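# test case, fold it:
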Amino acid sequence: MRSLKAIACVLSLLIFLSACAPRRGTYHVVRKGETLWRISYRYGVDIEELAAANNIKDPSRIKAGQRIYIPLAKKKKKTRKKHYTRQVKKKTAERRPARVKKGRFIWPVKGKLISGYGMRGDTMHKGIDIKAKEGTPIKAADHGVVVYSDDGMRGYGNVIIIKHKDNFFTVYAHNKKNLVRKGDKVKKGQVIGLVGNTGNATTSHLHFEVRDGSKAINPFFFLP
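Below is the predicted model:
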């Protein structure tokens, strides 16, 4: 029975982390007069996700000729002006308040950024990679509870996942060693592991993600 529960736990976490892996989408070239709202409606993608995927800090400022990556794009919709305007107003009214907050989390490790959030070639990288010397302490980005600490995620080596207030999660991967176990309560800044290069890593670094539920979000929107 215990082994079945362990398998179920790993499967659920594999689903949770599936978005960590590169996921293919498509590109859209912005036309004159086109807005990010209109593009998000056409492809059925949330505007916040579009902005995060393309590292756009101001959704109102995009330029004609700019290439916009559309993650997991759905079939294009025709956008008759009146219908589009109604839909934008409806979406605006229904949107929940933005949960982005600078300084919500602290940096888990100090080091050189070697890969940012966003597109790498034609695939999506849903976290940031911070280069640091092997054995460098990894700190919890905020108070929370460890929901996973193991090496069962293919390609990620030793992984720690912490659940925080308001259903946020942070992910720490490629660790040399995990210093916390599932169920442990941790404090912001507490050392939870050591930087390594386990899994599919060519150098010692920390792969760090911020997730709103299961949805990955650009960590730069939350870091100091």
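
# what segments of the protein are helices?
2-17, 36-43, 47-53, 81-94 (DSSP state H).

# the second one: how far from the chain's middle?
Taking the mean of its C-alpha atoms, helix 36-43 sits 21 Å from the chain's own mean (CA atoms, centre = their mean, to the nearest Å).

# output the contacting helices and strands for that helix.
Under the contact criterion of 3 or more CB pairs under 8 Å, 6 or more residues apart in numbering; DSSP states H and E, helix 36-43 touches helix 47-53, strand 67-71, helix 81-94. All C-beta atoms are positioned from the backbone trio N, CA, C, and that covers glycine.

# could you list the domains of this structure?
23-94, 103-221 (automatic domain parsing).

# out of these, deepest packed?
domain 103-221 (a mean of 18; mean count of other CB atoms under 10 Å).

# what is the end-to-end distance of that domain?
Terminal residues of domain 103-221 lie 8 Å apart, using CA to CA, to the nearest Å.

# and it, what's its mean pLDDT?
If you average the pLDDT over domain 103-221, you get 93.

# over to stretch 62-73?
84.

# contacting residues around Ile106?
Applying CB atoms under 8 Å, 6 or more residues apart in numbering, we find Ile106 in contact with Lys139, Ala141, Asp142, Lys188, Gly189, Leu223, Pro224.

# coming back round to it: rank the helices and strands packed on helix 36-43 by pLDDT, which is bottom?
helix 81-94 (a mean of 48).

# looking at the contacts of Ile106, spot the one nearest Pro71.
Leu223 (21.4 Å; CB to CB).

# for that closest one, give me its contacts.
Contact analysis of Leu223 by CB under 8 Å, 6+ apart lists Lys102, Gly103, Phe105, Ile106, Trp107.
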